[in-house]
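Student: can't give you the sequence, but here's the structure:
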């Protein structure tokens, strides 16, 4: 790969080691209204000096005021980060924050939701997911909440099977949330184990972990991995304390909250830390976080992203005309008007776009195929790029595709 290839140069400038550090956290908030003013213990469990490149936050049973939740996240992260995307499915929230200087290298985020409830209008269980491409690597992040109950292992596997579709399309998949898998021992047995546990050695508890058992059987999360668990069960606590449930139900402490990951290339993702935010006491769950490092590269075949909606907006603003009548027979409709499937063509235009990776000038030829489709031919105008790199792409509706 040529050292003067723009994506390579940009990657070297912003991420010299070609590693993207990703912080992923999941938290069942129990729909609590009271939020701490700042979320340092949640977003910086290792200390503020460990700020990462990308923050992905998934919550289940989120607080009633989603906007306030996002405001607190932004306040804690500070001005160096921007909200890349946020989505919700009922009380499941998903928020992605990225370093301000890296946002230009992300494709448009696509989002989807799935409900696992019998009645679709009840959106307390299911999943919300977001995907995007960054320097040629496609990422998918899934925040999920599976069926509750000690004995509902089969239902939880069914929840998983309903959500898992087309995951093979993505290079990196992170699946996290309140999976609700329990420890298959009585409360008294688990309490006894907890009292005698060696520090950071949870192996005796994990032997009776329902999720670990099902993963070993191959019935769920096939091909996924999980960091080593060295923290205590994250459910269920008395709210406001570090004591496990003392109510009449005496729920068995369990590892309900997890972060799983899957990579197309096995060695591309490294788990730097996997733990719980023990100082967060606002809910009956403790948040769980994973700190990952993803190697980016090689960048062969990667071309700059072209934003379809940016182009259409440019046409609308500058009122780019179609070919004159002498050059294009028959009446032509203006930009933004409805077109039939025969479509119309516009002349080549030269735009200067402040979009990642593009030289100072490019020539773009657009041919409308029908109302919501067009084809685009790109030619770089700078001498060193002339005839070297050309790209053709089809844009449908408002979806953004990487030109290759």
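Tutor: Alright, I've got the coordinates. Only a predicted model underlies this, so the values are computations on that prediction, with no experimental measurement involved.
Student: What is the neighbour count of residue 281?
Tutor: As a burial measure, residue 281 scores 16 neighbours (other Cβ atoms under 10 Å). C-beta coordinates here come from the backbone N, C-alpha and C atoms, glycine included.
Student: From residue 36, how far off is it?
Tutor: 10 Å (Cβ to Cβ, to the nearest Å).
Student: any chance you could map the helices in the stretch 51-200 of the chain?
Tutor: Counting by DSSP state H, counting those that start in this stretch, the segments of the stretch 51-200 of the chain that form helices are 66-77, 153-163, 187-195.
Student: what helices or strands is the next helix-or-strand element following the last one leaning on?
Tutor: Counting by DSSP states H and E, the next helix or strand C-terminal to helix 187-195 is helix 203-206. Other helices and strands packing on helix 203-206, by 3 or more Cβ pairs under 8 Å, 6 or more residues apart in numbering; DSSP states H and E, are helix 187-195.
Student: what comes up buried for the helix it packs on?
Tutor: Neighbour counts over helix 187-195 (16 or more other Cβ atoms under 10 Å) mark 190, 193 as buried.
Student: List the neighbours of it that are in contact with it.
Tutor: 183, 185, 204, 205, 232, 233, 244, 250, 251, 252, 253 (Cβ atoms under 8 Å, 6 or more residues apart in numbering).
Student: what about 10 Å?
Tutor: Residues outside helix 187-195 that contact it (Cβ atoms under 10 Å, 6 or more residues apart in numbering): 182-186, 202, 204-205, 207-208, 232-233, 244-245, 249-254.
Student: on that earlier part again, looking at the helices of the stretch 51-200 of the chain, which is buried most?
Tutor: Compared across the helices of the stretch 51-200 of the chain, helix 153-163 shows the largest average neighbour count, a mean of 18 (mean count of other Cβ atoms under 10 Å).
Student: Show me what the mean pLDDT comes to for that one.
Tutor: Helix 153-163 comes out with an average pLDDT of 93.
Student: So what touches that helix?
Tutor: 112-117, 125-127, 129, 142, 144-149, 152, 175, 177, 179-182, 184, 210-211, 213-214, 217, 219-222.
Student: give the contact list for residue 164.
Tutor: Residues near residue 164 by Cβ under 10 Å, 6+ apart: 114, 127, 142, 144, 173, 175, 220, 221, 222, 224.
Student: I only care about these that end up buried; give me the ChimeraX line for that.
Tutor: Per 16+ other Cβ under 10 Å, the buried members of these correspond to this ChimeraX selection:
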select :114,127,142,144,173,175,220,221,224
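Student: what touches both of residue 281 and residue 36?
Tutor: The overlap between the contact sets of residue 281 and residue 36 (Cβ under 10 Å, 6+ apart) is empty.
Student: quick one: buried residues of stretch 264-282?
Tutor: By 16+ other Cβ under 10 Å, the buried positions in stretch 264-282 come out as 268, 269, 274, 275, 276, 277, 280, 281, 282.
Student: The nearest residue to residue 110 once chain neighbours are set aside and residue 38, how far apart?
Tutor: Distances taken as Cβ to Cβ, 6 or more residues apart in numbering put residue 131 closest to residue 110, at 5.2 Å, once the chain neighbours are dropped. When Cβ to Cβ is the yardstick, residue 131 and residue 38 sit 30 Å from each other.
Student: hang on, the earlier thing: could you give the bridge partners of the residue nearest to residue 110?
Tutor: Counting by DSSP bridges, residue 131 forms beta bridges with residue 110, residue 140.
Student: So what's the residue count around it?
Tutor: With neighbours defined by other Cβ under 10 Å, the count for residue 131 comes to 21.
Student: and residue 193, how far is that from residue 250?
Tutor: Counting by Cβ to Cβ, the gap from residue 193 to residue 250 is 16 Å.
Student: typo on my end, residue 94
Tutor: For residue 94, the distance to residue 250 - Cβ to Cβ - is 33 Å.
Student: The two: which has the busier surroundings?
Tutor: A count of neighbours by other Cβ under 10 Å puts residue 94 above the other of residue 94 and residue 250, at 25 against 13.
Student: my guess is that one contacts residue 143, does it?
Tutor: Yes - with contact defined as Cβ atoms under 10 Å, residue 94 reaches residue 143; the gap is 4.6 Å.
Student: Find residues that contact each of the two.
Tutor: Residues touching both residue 94 and residue 143 (Cβ under 10 Å, 6+ apart) are 56-59, 87-88, 113, 127-130, 176-177.
Student: Neighbour-wise, which one of those leads?
Tutor: residue 58 leads these on contacts (other Cβ under 10 Å) with 32 neighbours.
Student: That residue: what's it in contact with?
Tutor: By Cβ under 10 Å, 6+ apart, residue 58 lies in contact with 24-28, 92-96, 127-130, 141-145, 174-178, 257, 259, 287.
Student: distance of it from residue 195?
Tutor: Distance, residue 58 to residue 195, by Cβ to Cβ: 32 Å.
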